[in-house]
Every structure is written in C-alpha cells, then in structure tokens.
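[1] Give me a model of this one.
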Amino acid sequence: MISDTSITAMWPWLKAKYGFEDSQIRKYTFNWRRSWSTQRGAGRLSHQRAYTVETQAHFKPQVFLLADNGYAIYSNLVLAPQKWIDKKPAAVQAFYDATRRLARILTATRGRQRTHQRDNPEMTEALIGQAIGKINPSASSNRRRKTFGIGAMTDRRWKSVCASSVAERLYAKTLACEKAYDLTFMRNAPQYFE
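    The predicted model follows:
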C-alpha cells in the first residue's frame with residue numbers, strides 16, 4: 001500500500017531492485033486502521049504512523065527503512081529549473097536559508113509546542129518528540145550534517161545515489177550526475193541561526 005507520491009518517487013527503485021510489478025500496488029488511503037484491518041500486507045509507514053500504530057493498536061509494526069536497503073536518495077527535495085536558478089540565485093539562497101531556519105524553529109522545544117500543538121492538537125509532545133528523535137541520530141553520524149544541519153547534502157552521497165540508480169538500470173550509464181544538484185547554496189548559508 002503506497003501513496004501516489006511514492007509511486008513516482010520510490011516505486012521505480014523498488015521495481016528495479018526487487019522485481020515488484022505495478023499490479024501489486026494497493027493505494028494507501030491514509031487510514032491505517034481501515035487498511036490494516038481489512039487486508040494483510042505491507043504499507044509505507046512514516047515514523048509518525050509507525051509510532052501511532054504502536055501506541056494505539058498496541059503492537060509494534062515491522063519497519064524496513066529503504067535507506068538500509070540501498071535507497072540513498074534525499075527526502076523532501078525541492079526542484080527548480082536550472083534557468084530559474086541561474087536568473088534568481090538570491091531568491092534560491094533566501095528560500096534555502098528560510099527553510100533551514102523554519103526547520104530549526106520547529107525542532108526546538110518552544111517552537112514545537114507553539115506551532116504543532118496550537119495548529120494540530122493531536123500532535124502530542126510524545127509524538128513530536130519521537131519524530132524529532134528519528135531525525136537527530138542521522139545528524140550525529142554525518143560530519144557535513146553536523147556542520148550545516150538540516151538541508152545538508154554531499155557530493156559523495158549524490159554519487160552514491162547516481163551509482164545506485166545506474167546499477168538498478170533506472171538511468172543510463174551516461175547520466176551526468178553532477179548536473180542534478182548544486183551545493184553552492186548550502187555552502188553560502190549562514191552556519192548558525194539565533
């Protein structure tokens with residue numbers, strides 16, 4: 001059971017790596033109770049959903065991280081045409097910096113309480129805390145991420161993504177990986193925010 005977004009994002013990789021077929025797709029309805037009570041199967045659960053299943057349904061779902069199986073792509077990418085980036089680099093830099101600043105505010109205790117709980121009463125402190133806990137361990141294992149925080153990317157990781165995509169025959173061997181990303185905006189970003 002996967003969402004429409006996942007069909008275009010991770011599904012091609014799953015098909016190439018494990019031989020899945022489109023006929024196996026079941027639409028995820030964003031209602032885990034109904035989906036799991038009416039059929040046996042696997043679904044793509046966010047950490048938040050896995051936590052909710054564990055605390056409300058009182059069983060621990062098996063979670064298999066795609067990253068642990070070779071899916072190295074960055075999540076939540078923002079894409080823009082190169083022509084637009086070339087014409088408006090200041091706007092791209094401002095967007096990048098603002099996104100990092102917002103992420104930093106939302107992961108701070110005061111920001112979590114003020115924003116999440118006011119706008120989403122079902123987002124308890126425990127639910128928010130476990131989600132933040134899933135983000136932070138990866139930060140400590142990556143020197144670039146520790147320096148730059150959320151929004152960090154590396155040439156090494158992108159090369160790994162490209163090599164994996166070529167190995168799984170998602171892209172041709174002639175893929176010009178270095179043209180798919182730009183680390184300039186990360187390198188120009190303020191190191192720390194107040």
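
[2] element containing the residue most central in space within the chain, please.
    The geometric centre of the chain, computed from its C-alpha atoms, lies nearest to residue 75 (Cα atoms, centre = their mean), at 2.7 Å. Secondary structure here is read from DSSP states H and E; on that basis residue 75 sits in neither a helix nor a strand.

[3] quick one: pLDDT of it?
    For residue 75, the pLDDT comes out at 74.

[4] just residue 53 next, same as before
    Reading off the per-residue confidence, residue 53 sits at a pLDDT of 78.

[5] Equivalent analysis for residue 152, please.
    Residue-level confidence at residue 152 comes out at 79, pLDDT.

[6] What distance do you get for it to residue 10?
    Computed as Cβ to Cβ, to the nearest Å, the residue 152 to residue 10 distance reads 21 Å. Where C-beta positions appear, they are placed from N, C-alpha and C, glycine not excepted.

[7] Those two - which one has more neighbours?
    Using other Cβ atoms under 10 Å as the criterion, residue 152 and residue 10 rank with residue 152 on top: 19 against 16.

[8] And that one, how far from residue 186?
    As it turns out, when the distance is counted by Cβ to Cβ, residue 152 lies 6 Å from residue 186.

[9] same thing with residue 87?
    In terms of Cβ to Cβ, residue 87 sits 20 Å off from residue 186.

[10] neighbour-wise, which of those two wins?
    Neighbours per residue, other Cβ under 10 Å: of residue 87 and residue 186, the larger number sits with residue 186, 19 against 10.

[11] Quick check, the more buried one in contact with residue 153.
    Yes. A contact is recorded between residue 186 and residue 153 when judged using Cβ atoms under 8 Å, the distance being 6.1 Å.

[12] Thanks a lot, see you next time.
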